[in-house]
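[1] Provide a 3D model corresponding to the input given below.
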Amino acid sequence: MAEAGTEVARADIVAAARSWIGTPYRHQGACKGAGADCLGLVRGVWRELYGEEPEAPPAYTADWAEGPGTNGHVAETMAEAARRHLVEIDTRDAREGDVVLFRMRPRGPAKHAGVLSGVDRMIHAWSGHAVVETSLGRWWRARMAYAFRFPGVG
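    Okay, here's the model as predicted:
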């Protein structure tokens with residue numbers, strides 16, 4: 001676990017995320033080996049790196065069909081929470097160990113997260129399956145909306 005003010009190695013982040021591979025998909029889950037969704041994976045990596053989570057997430061829906069609210073503004077709940085605890089970076093600067101958020105609909109909110117494990121690879125919880133390491137191909141890149149770095153990563 002990282003001490004306050006110490007640097008966190010990207011390799012440690014990727015190793016922590018890889019240790020979740022095979023964990024079954026469970027909506028709102030965050031328990032390695034038992035069940036996790038994409039946010040649960042990021043929360044679990046946080047716990048392995050820093051200890052206790054800084055806040056409990058609110059209830060959220062399992063689908064990606066949420067669209068603009070009545071005022072036409074999309075609530076970016078996941079991105080706003082990430083901004084409170086991670087360091088926002090340009091998506092073009094994202095590297096292994098960084099957290100990326102995806103918009104599954106063109107004007108919808110970012111509702112999927114993964115941890116980059118290489119130049120073209122990511123670890124994420126695949127709905128209906130498990131935590132997996134997959135290619136970060138054109139389809140995913142086109143949907144990448146935000147990128148964040150864990151605190152203390154150089």
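[2] Roughly how far does Met144 sit from Ala110?
    In this view, Met144 and Ala110 are 9 Å apart by C-beta to C-beta, to the nearest Å. To be clear about C-beta, it is placed using only N, CA and C from the backbone, and glycine gets the same treatment.
[3] And those two? Which one has more around it.
    Neighbour tally, Met144 and Ala110, criterion other C-beta atoms under 10 Å: the higher count belongs to Ala110, 22 against 19.
[4] which residues touch the nearest residue to the more buried one once chain neighbours are set aside?
    Leaving out its chain neighbours, the residue that sits closest to Ala110 by C-beta to C-beta, 6 or more residues apart in numbering is Leu101, at 3.9 Å. When contacts are counted by C-beta atoms under 8 Å, 6 or more residues apart in numbering, Leu101 is found next to Met78, Ala79, Ala82, Ala110, Lys111, His112, Ala113, Met144, Ala145, Tyr146, Ala147, Phe148.
[5] what lines up beside the helix or strand hosting Leu101 in the sheet?
    If you go by DSSP states H and E, Leu101 is part of strand 99-103. Strand pairing for strand 99-103, determined by DSSP bridges: strand 110-118 (antiparallel), strand 144-149 (antiparallel).
[6] In TSV: these, plus mean pLDDT and distance to Asp93.
    Below are the strands paired with strand 99-103 laid out as TSV (pLDDT from 0 to 100; distance: least, C-beta to C-beta, whole Å):
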stretch	mean pLDDT	distance to Asp93
strand 110-118	96	11
strand 144-149	98	7
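[7] returning to what we had before: from Gly51, how far off is the residue nearest to Ala110?
    23 Å.
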